[in-house]
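Q: fold the following for me, if possible:
(2 chains)
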2 protein chains.
Amino acid sequence: MTFADIDTKSINTIRILAIDAIAAANSGHPGAPMGLAPTAHILFNNFLRFNPKNPEWLNRDRFVLSNGHGCMLQYALLHLYGYDYSIDDLKHFRKLNSKTPGHPEAELPGIEVTTGPLGQGISNAVGLAIGQKHFAARFNKPGFDLFNGYTYAIAGDGCLMEGVASEAASIAGHLQLNNLIVFYDDNKITIDGSTEVAFTEDVDARFRSYGWDTIDVSNGNEDLDSIYEAIVKAKQSTNKPTLIKVSTIIGFGSKLQGTHTVHGAPLKADDIAAVKTKWGFNPEKSFDVSQEVYDYYGKTVAKHQQEESAWEKLVEKYIAEFPAEGADLQRRLKGELPLGWEKALPVYKSSDPAVASRKLSEIVLTKIFDEVPELIGGSADLTGSNLTRAPESVDLQPPSTNLGTYAGRYIRYGVREHGMGAIINGLAAHGGIIPYAGTFLNFVSYAAGALRLSALSQHQVIWVGTHDSIGLGEDGPTHQPIETLAHFRAIPNLQVWRPADGNETSAAYYQALTTKHTPSVIALTRQNLPQLEGSSIEKARAGGYTVYTASESPDAIIVSTGSEVSLSIDAAKLLAEKKGLKINVVSLPDWFTFDQQPLDYRLSVLPDGVPILSVEVMSTVGWGKYAHENFGINRFGASGPYKDVYKFFGFTPEGIADKAEKVVEFYKGKSVISPLNRAI
Amino acid sequence: MTFADIDTKSINTIRILAIDAIAAANSGHPGAPMGLAPTAHILFNNFLRFNPKNPEWLNRDRFVLSNGHGCMLQYALLHLYGYDYSIDDLKHFRKLNSKTPGHPEAELPGIEVTTGPLGQGISNAVGLAIGQKHFAARFNKPGFDLFNGYTYAIAGDGCLMEGVASEAASIAGHLQLNNLIVFYDDNKITIDGSTEVAFTEDVDARFRSYGWDTIDVSNGNEDLDSIYEAIVKAKQSTNKPTLIKVSTIIGFGSKLQGTHTVHGAPLKADDIAAVKTKWGFNPEKSFDVSQEVYDYYGKTVAKHQQEESAWEKLVEKYIAEFPAEGADLQRRLKGELPLGWEKALPVYKSSDPAVASRKLSEIVLTKIFDEVPELIGGSADLTGSNLTRAPESVDLQPPSTNLGTYAGRYIRYGVREHGMGAIINGLAAHGGIIPYAGTFLNFVSYAAGALRLSALSQHQVIWVGTHDSIGLGEDGPTHQPIETLAHFRAIPNLQVWRPADGNETSAAYYQALTTKHTPSVIALTRQNLPQLEGSSIEKARAGGYTVYTASESPDAIIVSTGSEVSLSIDAAKLLAEKKGLKINVVSLPDWFTFDQQPLDYRLSVLPDGVPILSVEVMSTVGWGKYAHENFGINRFGASGPYKDVYKFFGFTPEGIADKAEKVVEFYKGKSVISPLNRAI
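A: As a prediction, the model looks like this:
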């Protein structure tokens, strides 16, 4: 391959668009785009398969800019290749409600995943690559190589220092993802200065220890041939992901190149002018793109459009030849669940035996396993505790291990919660896959960085968080969630289910599977829970409902979740019997869903005029939204048999009744407004 | 070195105590203690320097059981060596309020750090080892080798898969911590089965890539000599930490040895009897320890007691010869701050210029840098953004790098927030050090696992969380905290400061430095904040106070924090001027501290009879505790110049005034109880 002047011109156009946009915003990160433009150009123009007119083409290659602060690199490319980004969009870089926010966001055209929080993008890329492997294994047939895409990512020093990336990279090596190619922008500079101050490990050796190939490109600023050859070579790998270490100069071209000053601040006007002059651009003009560059990139796009047309024809033929697989594929592309899948959800009567909700979750997963083939499960090495594996599952493993196949639907993530969280985001971003992942609820917090991005990016992922309270018993306070649900409930666009019994567990899965743009955490017990008389899937699907009615005009309402609902009902019965008090009980398994119900429904559940007491064995933070009084645990838990621990903290029918009685007394004669009735 | 029957007997006694205690609890993890007893015995009896009668001896070696679920190994050893653990304590393993909880907790004798959440312990060990290096560099003089301890840790597969451990290990290699020796219990088994299913990386090669030495012991079950020799060799390292990979059989001795079944469940009675018989113990007896073993271990203790006595004498001589250093050392050992240090805290008048609170924080750190030498700072590669480095700081670096010395007080953590969080826990656990660490507030969440343990373990660590809201502007929603403070406020025993101006920033540091058993997060702005007329260090130290009084009987109270306090005061003034409304404003910079004030004080701030509106540019979750109405942001933020973003979300004097007016209207004529007045 030889490269011509037009390549250099294109590369410099990317660089100049980046510095112009950053100057216009007076904010942004020019260093990475200037250093990485050659790599990105070679990749986009010679390897990456994509169609700007159909960014969602399922067999496209995926590209992730893990160092998302360098996003002007990506926006410039997306504009130049004809994605729906105008020059005006670039001019509005980092402006409020523009199409070019400060970091790339997944809902924008051509952006696979939201990046910026370091280490996430490269880990999402692992998920994308797994998704590609899985689709290939699931759907390809002889003569129908429908899925054969690569995932490319660019990552900087910051991404590679983050533990989440270490976890995901180790999984990628284990899974032998030869379709994953990561460019490491080795520019020797971080915000604090030289990498010598904190990052002196041998990155190549580390990645080889994970089972990756590594290739070095010593001059990433100018040596286009070496970049090209490295990608060719990486694509030849049969059983390893590849790290291509591209040595670059940060801010290449600027007077400040090679220093951390150029990382995160606009170039000065004179510097910009000098850069433009040096590269033959008009220093008087900004956002000035030669038609020649548009045309050059347009040719690449035309080629891809032909490829996509051919692919669409192949899919049509496939559908004719393999109608079952074809129908499944079409359905999944549309994001529709199989018709009637929900009939598989188990329904319980109050006479059914008490069962731990982690086990109820396993029953759901087992029942719907065949019905919903897009479900891809997994656990962070707690499979037997989380009960996340349907018995007929095959592991998703490289076939050479004889432990499974890429068509398998159960991933062994190892003890890597954060990596798992970022990988399921990538799996969801792939399309046609609904990933779920298990760990102890308390350790979902290890993945807080990824979970937040699930919600922000609207990925439909499901966390199965078992051992959800002090009810886990002996493992003690290091493992007992206290703040966890308060934390998750404060994350926008996140369902946080804590089902009280079998029907509510089915409802949680129903909502998690049918709400396409909202992730879910399902909090599940280790201990057994009775099947409630007043529950149903239908009622629980509202997120909250009255599960026990003592009276149409009760003395108080207890609102509770999960394992405390049945205790609260027992408390209500106790108070009726002993004190003649009428206490209704509301189960509120998911705040997010309840909040979306009409106000009149919500007020029918939590009405004016009745004091409301929340009961939950964890932090009371947040309960002010639904209850006047809160009974919870605002300290860390304790190690001991779970019944002893519940008793110690007063979460028994008697203990709850005592609190409820105090609440009734306190509010007697006082006017009480529902917490849902608000001025603003 | 040759080992005798008594060594084997001691090792088997450890194993049998572990399985007896786990059987008595009917809960626990026998696999690790049975596999690791030889390693632990060789380490404790031949290398580890400790005194059971004075577990806090500052020049002791430190031992961390990173796989904390194996804690019966540690409890057995602590009992046998004469720490304050009786046989009865072992019999109450995992019972409520016993001295032997399900995972080791830092407040117990002989336990350096709380472990169990995987990856934390080994990362704490890095912090402990840094603390030892720092104390040696700071205090040792020719002839006075006061500090020369080692830190030993045992870690399992789980710990090494966790990203936090990867981050910390990379830092340890960079810092050339030759005093850190980690035993990797390579037993090939995790909960999901063989490590082949998820953990196939080359661990030794990975650690070498970080700059560690690695040594393999192929038979950790029986080959005591090899374990001994490995430690001897590791201690000879001059500039590298060492990973000793000890191949063991999980549950060694049990019928189930080598399987994951023996990881986390008690052995069956017949298995226990068989193990005892095989090793010459009486199968009829439980918790049966031969006096011979006590005596053997007692000899080791006697030796250490002599060492400590000699050390105490050396310290006395040191104090005489180096009175300044000696006084500093004694003070720090007592955990007392230097007399009058707080006089260095800056005080502001309302006529002083507006300053970003991250800058106010830098001013505090700079002013107290010389006064409080136990402060050891750092940042996760955001030094110039967090403003965490006092100008006169020297970096804590290996001297050979010429970038600093071990006596330096500023750590370059790299982009490794979780590792940083675990390392500062280790630094705090070392004693005589108060660590602080900076990153963007949003990315403190990456360290949620470590932060939770700071609070649980009562480590005095300080997080400097800058860019604390949508006020960071252009970086956008990936970087703008929404749920973060709700999350942290729900963690027990955690101060979460969000100061509104200079005086409040000084107050935050005052409280963070003087509250010895509570970690702090200090949330700080990127944007400038005016100095408030009504603030003072004294008032802010209460955690909450009335900062602006329009009237003794106001129409409403606005309660706010940080950057929204001055906006709220402006709103109050606007409402007075335009609508004749009397609105007082309360600043509530730290809920934790405010909650500890007497109720009458708190009710004087948030009294009955007045509607209260909270104003904060993030999730309203939690504010129900202090306010009837909440104005916040229950969605993700937006990228744009910060003033545009504030305006977009309505956080302007006008926007806040509008909400406050609605609140006044709504509650007119209604009886209003203070949210602090509760039934329970």
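Q: need the phi and psi values for residue A:193.
A: Backbone geometry at residue A:193, expressed as degrees, to the nearest 10, gives phi 120, psi -140.
Q: care to break chain A down by domain?
A: Split into domains by the TED database, chain A comes to A:5-305, A:341-523, A:543-667.
Q: give me the buried positions along the strand or helix carrying residue A:660.
A: Secondary structure from DSSP states H and E places residue A:660 in helix A:653-667. Residues of helix A:653-667 classed as buried: A:653, A:655-664, A:666-667 (neighbour count, 16 or more other C-beta atoms under 10 Å in any protein chain shown). To be clear about C-beta, it is placed using only N, CA and C from the backbone, and glycine gets the same treatment.
Q: in space, what's closest to residue A:26 - neighbours in sequence excluded?
A: With C-beta to C-beta, 6 or more residues apart in numbering or on different chains as the measure, residue A:266 is the residue that lies nearest to residue A:26, at 5.8 Å, once sequence neighbours are left out.
Q: now the end-to-end length of stretch A:527-540.
A: 21 Å (C-alpha to C-alpha, to the nearest Å).
Q: now it: mean pLDDT?
A: Per-residue pLDDT values over stretch A:527-540 give a mean of 98.
Q: so how far is it off the chain centroid?
A: Its chain's C-alpha centre and that of stretch A:527-540 lie 29 Å apart, by C-alpha atoms, centre = their mean, to the nearest Å.
Q: any residue of that stretch touching chain B?
A: No: among the residues of stretch A:527-540, none lie within reach of chain B under C-beta under 8 Å from any C-beta of the partner chain; the closest is 13.2 Å away.
Q: picking that back up, which of the buried residues of helix A:653-667 sits closest to residue A:462?
A: The shortest separation between residue A:462 and any of the buried residues of helix A:653-667 is 30.6 Å, and it belongs to residue A:656 (by C-beta to C-beta).
Q: ok, the closest one touching residue A:573?
A: No: between residue A:656 and residue A:573 no contact is recorded; they are 11.0 Å apart, counting by C-beta atoms under 8 Å.
Q: any stretches of the stretch 1-150 of chain A with poor pLDDT?
A: Residues of the stretch 1-150 of chain A that meet the criterion pLDDT under 70 lie in A:1.
Q: up against chain B, what does it have?
A: In this structure, the stretch 1-150 of chain A approaches chain B at residues A:25, A:27-28, A:68-69, A:94-98, A:101-103, A:105, A:114-119, judged by C-beta under 8 Å from any C-beta.
Q: recalculate using a threshold of 10 Å.
A: Contact residues (C-beta under 10 Å from any C-beta of the partner chain) of the stretch 1-150 of chain A with chain B: A:25-29, A:68-69, A:71, A:92-98, A:100-105, A:114-120, A:123.
Q: now, the residues you listed that are in helices?
A: Among the residues of the stretch 1-150 of chain A next to chain B, the members found in helices (DSSP state H) are A:25, A:71, A:120, A:123.
Q: out of those, which is most surrounded?
A: residue A:123 (36 neighbours; other C-beta atoms under 10 Å in any protein chain shown).
Q: so which bits of the lengthiest helix in chain A are buried?
A: Ranked by number of residues, the top helix in chain A under DSSP H is helix A:291-321. Counting neighbours by 16+ other C-beta under 10 Å, one finds that the buried residues in helix A:291-321 are A:293, A:296-297, A:300-301, A:304, A:307-308, A:311, A:315, A:318.
Q: cool, and stretch A:508-528?
A: For stretch A:508-528, the buried set under the neighbour-count rule, 16+ other C-beta under 10 Å, comprises A:508-513, A:515, A:518-527.
Q: can you pull the contacts of residue A:29?
A: The contact partners of residue A:29, taken as C-beta atoms under 10 Å, 6 or more residues apart in numbering or on different chains, are A:18, A:22, A:67-73, A:102-103, A:250-251, A:262-266, B:475.
Q: oh, that last question was meant for residue A:7, not what I typed.
A: Remark: with contacts taken as C-beta under 10 Å, 6+ apart, residue A:7 is in contact with A:38, A:41-42, A:45-46, A:224, A:296.
Q: which one of those residues is nearest to chain B?
A: Nearest to chain B out of the contacts of residue A:7 is residue A:38 (C-beta to the nearest C-beta; 24.3 Å).
Q: send me the helix or strand containing the closest one as PDB with only the CA atoms.
A: Secondary structure from DSSP H and E places residue A:38 in helix A:31-46. Extracted as PDB, the C-alpha positions of helix A:31-46 are listed here (Å, rounded to 0.1, in the frame of the first residue of the first chain):
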ATOM      1  CA  GLY A  31      -3.800  16.700  21.900                       C
ATOM      2  CA  ALA A  32      -5.400  13.400  21.000                       C
ATOM      3  CA  PRO A  33      -7.000  14.300  17.700                       C
ATOM      4  CA  MET A  34      -3.800  15.800  16.400                       C
ATOM      5  CA  GLY A  35      -1.700  12.800  17.500                       C
ATOM      6  CA  LEU A  36      -4.200  10.200  16.400                       C
ATOM      7  CA  ALA A  37      -5.500  11.600  13.100                       C
ATOM      8  CA  PRO A  38      -3.100   9.300  11.000                       C
ATOM      9  CA  THR A  39      -4.200   6.200  12.800                       C
ATOM     10  CA  ALA A  40      -7.900   7.100  12.500                       C
ATOM     11  CA  HIS A  41      -7.600   8.000   8.900                       C
ATOM     12  CA  ILE A  42      -5.800   4.800   7.900                       C
ATOM     13  CA  LEU A  43      -8.400   2.800   9.900                       C
ATOM     14  CA  PHE A  44     -11.500   4.500   8.600                       C
ATOM     15  CA  ASN A  45     -10.400   4.800   5.000                       C
ATOM     16  CA  ASN A  46      -8.800   1.400   4.500                       C
END
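Q: list the first helix or strand encountered after that helix toward the C-terminus.
A: Towards the C-terminus, the helix or strand next in line after helix A:31-46, according to DSSP H and E, is strand A:62-65.
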